[in-house]
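1. Let me see the structure of the following:
(one chain, ligands or ions: 1)
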Amino acid sequence: MVRLDKLKNIDLCTGCSSCVNVCPTNAIKLERDTRGFYKIQISNSQCINCLKCYKVCQLVSSFQSRNDYIQQIFCTINKDVLIRQKSSSGGLFIEICKGMKKMDINSTIYGVEFDNNLQVNHVGHKSIDKCQAFIGSKYVQSDVHRIFSEIKLKLEKDEKILFSGTGCQCQGLKLFLRENNTNLDNLILVDLICHGVSSPSLWDDYISELEKINDKKIIYYSFRDKSISWAGINPKVICEDKEILKNNLFLKSYGIFFGNLALNNCCYSCNYTNLNRVGDLTLGDYWGIPLDNKLNDGKGVSELLINSSKGFDLFEIIKGNLEFFPIQDKSYIQPQLVKPTKKNIRASLFWHDYQKNGYYYVYNKYIKKNKKRLIKQKITQFKYRQKPFRPLQYFFQLINLRKK
Ligand SMILES: Cc1cc2nc3c(=O)[nH]c(=O)nc-3n(C[C@H](O)[C@H](O)[C@H](O)COP(=O)(O)OP(=O)(O)OC[C@H]3O[C@@H](n4cnc5c(N)ncnc54)[C@H](O)[C@@H]3O)c2cc1C
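-> Reported below is the predicted structural model:
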């Protein structure tokens, strides 16, 4: 057996951290690679060849838990419109956190939040107030740190845990806990329908360019400002002097790279873009909702996949705070439930340009001077519009874009 970091496909490491957590000698660390994604590094002097890392690595091991549960799929929104406004989709996740606390006040909930420097971290909280920081997707690969070991200890003490993350992160946690013979009865997993994650270093560079251009520190960032549109990535940024930045091209640039240019290589061959979910519950946007449906008010609609009886029990607790109906056709099957995101043919060139010339250069080359992309974005915004359609105004906007 070759060592884990010498595997041919190690470039497809998801950075889930299960090997970091299982290593008995702390020989494995997650470090940012040349593109800025978290990948494993093994220290020669510390490795004792126990091969535990092999057993928990999703590149070589799998976890096919038999699940006879008949999956149920709902279109749903949080009745609280203010929560929906802040959330990425229909505002379900924070309701799930509340449900978990109702189930067991002592439970710990793990999700992703920004720290004060806008670094994207997986953390655990017991208090529902602190869980508010989980609201809203941060479209950056999160740093999972050593929380799998923390979760294991809590489960061993019979505490209830809810962990949310991408399919690969949930799978990493399951493989790690299986290797440790941890009882999974008290664990609820919420996985996300996932298009892919982008690079934390690209994110850092974007934020520091943004701060440089505006000459002030950013204290708040939301990827999806629904006062503009539920669809696409429309950031809303608040600076330390309370100025709000919105709706300019540079601001949108990170989200555009996130589209399919700057994803982690493993995302292009993701094992979790299907209906066989790792989580007890799966959350995503319900893009298939008819325009005239009363739940479609432009503030975001969720699709919820219930994949196990544990997931169903939690849904039963929260359903009073939701509006919902079962989806009985195939309208919930979005591309990320069928196959991985397709790699942009310019992705390799993009990384080469970024590594050599930096963020501002790739912004100019791939966004500022790319008119085709701008027109495509306008069409998407039109499709998911909230305001009444004014054909003339829309026509002139398109013409202006062509002229610029
Ligand atoms: C990287 C990424 C890609 C996604 N791609 C798609 C997609 O293609 N199609 C689709 O329908 N939905 C996608 N989603 C899911 C969607 O954006 C919402 O997160 C989901 O629908 C829940 O929304 P909500 O309104 O219920 O709650 P929200 O409050 O918006 O929920 C946020 C949830 O996302 C978690 N989270 C935030 N950032 C991260 C991160 N970096 N890594 C892991 N977990 C994170 C939080 O812990 C919380 O559980 C993606 C999410 C992420 C993070």
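
2. List the contacts of the residue of the stretch 1-150 of the chain found nearest the ligand.
-> Proximity of the stretch 1-150 of the chain to the ligand (C-beta to the nearest ligand atom) peaks at Gly111, 2.8 Å away. C-beta here means a position set from N, CA and C on the backbone, and glycine is covered the same way. Gly111 is in contact with Phe93, Cys97, His122, Val123, His125, Cys131, Ala133, Phe134, Ser164, Gly165, counting by C-beta atoms under 8 Å, 6 or more residues apart in numbering.

3. Go ahead and confirm Lys365 touches Tyr354.
-> No. Between Lys365 and Tyr354 there is no contact under C-beta atoms under 8 Å: 9.7 Å.

4. Next up, phi/psi of Lys138, please.
-> Here is the backbone geometry of Lys138 (degrees, to the nearest 10): phi -110, psi 110.

5. quick one on the thing from earlier: right, and the helix or strand after the helix or strand where the residue of the stretch 1-150 of the chain closest to the ligand lies?
-> In this assignment (DSSP states H and E), Gly111 forms part of strand 108-114. Sequence-wise, the next helix or strand downstream of strand 108-114 (DSSP H and E) is strand 120-125.

6. Who are the packing partners of that following strand?
-> strand 108-114, helix 147-156 (3 or more C-beta pairs under 8 Å, 6 or more residues apart in numbering; DSSP states H and E).

7. what's the average pLDDT for that strand?
-> Strand 120-125 carries an average pLDDT of 98.

8. Tabulate the CA atom coordinates of it in PDB.
-> Once non-C-alpha atoms are left out, strand 120-125 reads as follows in PDB (Å, rounded to 0.1, in the frame of the first residue of the first chain):
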ATOM      1  CA  VAL A 120     -14.600  30.300   6.900                       C
ATOM      2  CA  ASN A 121     -14.600  27.800   9.800                       C
ATOM      3  CA  HIS A 122     -16.600  24.700  10.900                       C
ATOM      4  CA  VAL A 123     -17.500  25.200  14.600                       C
ATOM      5  CA  GLY A 124     -19.900  23.800  17.200                       C
ATOM      6  CA  HIS A 125     -22.300  25.700  19.300                       C
END
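
9. quick one: average confidence on the very next helix or strand once past that strand?
-> Following strand 120-125 in sequence order, the next helix or strand is helix 128-131 (DSSP H and E). Averaging pLDDT along helix 128-131 yields 98.

10. and what of stretch 75-89?
-> 97.

11. So is that stretch next to the ligand?
-> Yes. For stretch 75-89, a contact with the ligand is found by C-beta under 6 Å from any ligand atom, at Ser87, Ser88, Ser89.

12. Give me the residues contacting that stretch.
-> If you take C-beta under 8 Å, 6+ apart as the criterion, stretch 75-89 is touched by 90-95, 135-137, 222-224, 226-227, 283-286, 289, 293, 295, 299-304, 321-327, 332.

13. Could you pull up the contacting residues of the closest residue to the ligand within the stretch 301-404 of the chain?
-> Closest contact between the stretch 301-404 of the chain and the ligand, by C-beta to the nearest ligand atom, is at Gln336 (4.2 Å). By C-beta under 8 Å, 6+ apart, the contact set of Gln336 is Ile193, Cys194, His195, Thr273, Gly284.

14. count of residues packed around the first one?
-> Other residues within reach of Ile193, judged by other C-beta atoms under 10 Å, total 23.

15. Which strands and helices lie in contact with the biggest helix by length in the chain?
-> Longest helix of the chain, by residue count under DSSP state H: helix 200-214. Identification of packing neighbours for helix 200-214 by 3+ C-beta pairs under 8 Å, 6+ apart yields strand 218-222, helix 249-260, helix 359-363.

16. Just confirm yes or no for the helix or strand just after the first one near the ligand.
-> For strand 218-222, the succeeding helix or strand toward the C-terminus, using DSSP H and E, is strand 236-239. No. Under the criterion of C-beta under 6 Å from any ligand atom, strand 236-239 makes no contact with the ligand; the nearest approach is 13.8 Å.

17. Which positions in the helix or strand just after strand 236-239 come out as buried?
-> Using DSSP H and E, the helix or strand that follows strand 236-239 towards the C-terminus is strand 244-246. For strand 244-246, a neighbour-count test (16 or more other C-beta atoms under 10 Å) marks Leu245 as buried.

18. Other residues contacting strand 244-246?
-> Leu210, Asn214, Asp225, Ile228, Asn234, Pro235, Lys236, Val237, Ile238, Cys239, Leu251.

19. and that strand, which strands flank it?
-> Applying DSSP bridges to the sheet, strand 244-246 is found paired with strand 236-239 (antiparallel).

20. List the buried residues in the partner strand.
-> Here strand 236-239 shows Lys236, Val237, Cys239 as buried, counting by 16+ other C-beta under 10 Å.

21. same thing with stretch 323-331?
-> So for stretch 323-331, counting by 16+ other C-beta under 10 Å, buried means Phe324, Ile327.

22. Could you do stretch 208-217 as well?
-> Glu209, Leu210, Glu211, Asn214.

23. Confirm that Cys75 sits in a strand.
-> Yes. Cys75 forms part of a strand when assessed by DSSP: H, G, I helix; E, B strand; the rest coil.

24. Count the residues that sit near it.
-> Counted with other C-beta under 10 Å, Cys75 comes out at 23.
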